[in-house]
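# sequence and predicted structure below; questions after.
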Amino acid sequence: MRVDRTDWDGSDAPALARALREAQPRPDDVAATVARIVAEVAARGDAALRELARRLDGVEREPDSLRVSPDDIERASRGVDDEVRGAMELAAANIRAVSEAELEAASPVEVELAGGQRVRVADAPVGSAGVYAPGGRAAYPSSVLMCCVPARAAGVARIAVTSPPRRSGEVHQAVLAACAVAGVDEVYAIGGAQAIAALALGTESVPAVDLVAGPGNRYVVEAKRLLSGRIGTDGIAGPTELVVVGDGSADPRQVALDLCAQAEHGTDGLLVAISAEAALLDRLGALLPELASERPSVADARITVVSAPGNDEALRLADALAPEHLELQLADGAGAEGRVAGCVFVGADGAAAFGDYAAGSNHVLPTGGAARFGGPLGARTFLRRTSIVSIPPAAAETLAPAVGALARAEGFPVHGESAEARARENGP
């Protein structure tokens with residue numbers, strides 16, 4: 001493990017934030033490769049998916065069908081360890097409760113304006129959603145729950161899950177068990193950019209969807225970017241990020257474990273601890289390599305510790321970084337409201353790992369500084385918004401002159417005629 005230390009004077013937080021981000025390993029440019037994969041799927045459908053599974057996923061035994069049998073999903077649900085099944089059910093219940101509360105706050109809005117027209121803004125679920133459950137370094141049943149449970153709560157009628165096949169051609173049993181807990185029986189053994197292409201474009205076996213959600217590697221991220229517009233997406237999520245702001249009350253070993261936990265996702269994430277307490281940073285500098293030496297899953301991580309003049313400056317730097325996860329290990333427990341982060345964990349017990357699995361918040365979060373304008377995946381991700389406008393005759397008469405004036409100013413006189421005809425011919 002590599003631990004870097006930066007002593008900061010508190011000035012120009014955005015500049016330091018940029019420098020910390022630029023120091024992270026930059027992913028290779030995969031745009032050309034992904035474009036070729038998408039083109040193959042568009043041209044050859046299922047045949048391309050099967051070939052790509054052999055070539056990219058190392059599948060040695062090709063399954064009879066790309067779609068996993070519902071019987072296999074149910075069998076996986078019964079076969080998973082009781083403790084794991086119970087953990088999935090607890091996580092699903094908490095995610096569902098948060099999702100349903102989120103929807104209650106998203107009730108339709110209706111306004112009657114001075115002209116007499118009524119404008120109603122209403123949400124409705126998308127018709128179908130695709131969920132990508134990553135494979136690779138590990139299986140991610142938690143991502144199935146994080147995406148499928150909010151989609152179900154939103155009322156999405158059809159949910160299709162794709163997940164990379166193992167060498168045997170089968171989807172990981174824990175992923176299938178999570179699908180059963182989430183009430184999803186449409187699952188495909190397809191991974192990578194080709195899975196996103198199949199969901200977006202449709203093939204002989206995979207009907208296209210309206211929106212794709214779920215985390216993935218840089219190939220999956222690029223495929224979502226390339227196909228966005230043809231389908232909706234939940235955002236472009238990259239490598240994991242954790243920033244910890246701590247003071248003298250923070251437990252150095254617990255902070256070190258939190259940073260190491262996020263390092264398990266890969267070596268290219270942003271992992272930063274910021275504090276005005278030199279003793280905390282010194283202890284972290286010694287503890288982190290010690291913990292990593294005993295935990296092979298984090299041995300190659302890179303973590304930065306930053307010395308700040310005070311808590312206010314530390315929080316300002318955290319906002320400038322706009323991380324995916326932010327932990328506030330501060331004695332006074334203040335400062336959480338208004339922070340710029342995908343998810344904020346407050347207090348000594350606020351480990352980001354709780355949010356990754358079972359707290360009820362979502363672990364599909366904005367990365368790369370996108371927390372400045374984005375937020376967590378949730379039930380609203382799966383809603384489409386429609387405006388419904390009612391123009392009674394009196395409102396048409398009131399609004400037509402304004403429409404005519406603006407339309408002609410823009411060089412669209414027929415727009416004006418369209419509105420003025422209503423006022424002239426359908427008057428009260």
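All right, it came through fine. Residues are numbered from 1 along each chain as shown.
# for V131, which non-adjacent residue is spatially closest?
Excluding the flanking residues, the one nearest V131 by C-beta to C-beta, 6 or more residues apart in numbering is C147, at 4.2 Å. All C-beta spots, glycine's among them, are computed from the backbone N, C-alpha and C.
# was I right about the one you found contacting G216?
No. C147 is not in contact with G216 according to C-beta atoms under 8 Å; the separation is 11.4 Å.
# looking at the two, which is more packed in?
Higher neighbour count among C147 and G216: C147, with 31 against 27, using other C-beta atoms under 10 Å.
# and the longest helix anywhere in the chain, what does it pack onto?
The helix that spans the most residues within the chain, counting by DSSP state H, is helix 82-104. With contacts taken as 3 or more C-beta pairs under 8 Å, 6 or more residues apart in numbering; DSSP states H and E, helix 82-104 sits against helix 141-154, helix 173-182.
# just the ones you listed: most buried one?
helix 141-154 (a mean of 27; mean count of other C-beta atoms under 10 Å).
# then it to PDB, C-alphas only?
Extracted C-alpha coordinates of helix 141-154, given in PDB (Å, rounded to 0.1, in the frame of the first residue of the first chain):
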ATOM      1  CA  PRO A 141     -25.800  -9.200  -5.100                       C
ATOM      2  CA  SER A 142     -25.900  -6.000  -3.200                       C
ATOM      3  CA  SER A 143     -26.100  -4.000  -6.500                       C
ATOM      4  CA  VAL A 144     -29.000  -6.200  -7.600                       C
ATOM      5  CA  LEU A 145     -30.900  -5.100  -4.500                       C
ATOM      6  CA  MET A 146     -29.800  -1.400  -4.700                       C
ATOM      7  CA  CYS A 147     -31.200  -1.200  -8.300                       C
ATOM      8  CA  CYS A 148     -34.100  -3.600  -8.500                       C
ATOM      9  CA  VAL A 149     -35.800  -2.800  -5.200                       C
ATOM     10  CA  PRO A 150     -36.200   1.000  -6.000                       C
ATOM     11  CA  ALA A 151     -37.300   0.100  -9.500                       C
ATOM     12  CA  ARG A 152     -40.000  -2.200  -8.100                       C
ATOM     13  CA  ALA A 153     -41.100   0.500  -5.600                       C
ATOM     14  CA  ALA A 154     -41.400   3.000  -8.500                       C
END
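# work out the gap between it and the centre of the chain.
Centroid separation for helix 141-154 versus its chain: 11 Å, with C-alpha atoms, centre = their mean, to the nearest Å.
# same question for stretch 51-63.
27 Å.
# just the endpoints, please. Distance across it?
Its start and end residues considered, stretch 51-63 measures 12 Å (C-alpha to C-alpha, to the nearest Å).
# just the buried positions in it, please.
Neighbour counts over stretch 51-63 (16 or more other C-beta atoms under 10 Å) mark 52-53, 56-57, 59, 63 as buried.
# tell me the pLDDT of the nearest residue in space to E60 that is not next to it in sequence.
Excluding its sequence neighbours, the residue lying closest to E60 (C-beta to C-beta, 6+ apart) is R167, at 4.9 Å. At R167, the pLDDT value in this model is 88.
# show me what contacts D356?
142, 261, 363 (C-beta atoms under 8 Å, 6 or more residues apart in numbering).
# shouldn't the second one be in contact with A351?
To tie it back to what came earlier, the one meant is A261. Yes. Applying C-beta under 8 Å, one finds A261 in contact with A351, separated by 7.4 Å.
# sheet partners, orientation included, of the helix or strand just after the longest helix of the chain?
Per DSSP states H and E, helix 82-104 leads on to strand 109-112 as the next helix or strand towards the C-terminus. Strand 109-112 has the following sheet partners, assigned by DSSP bridges: strand 118-125 (antiparallel).
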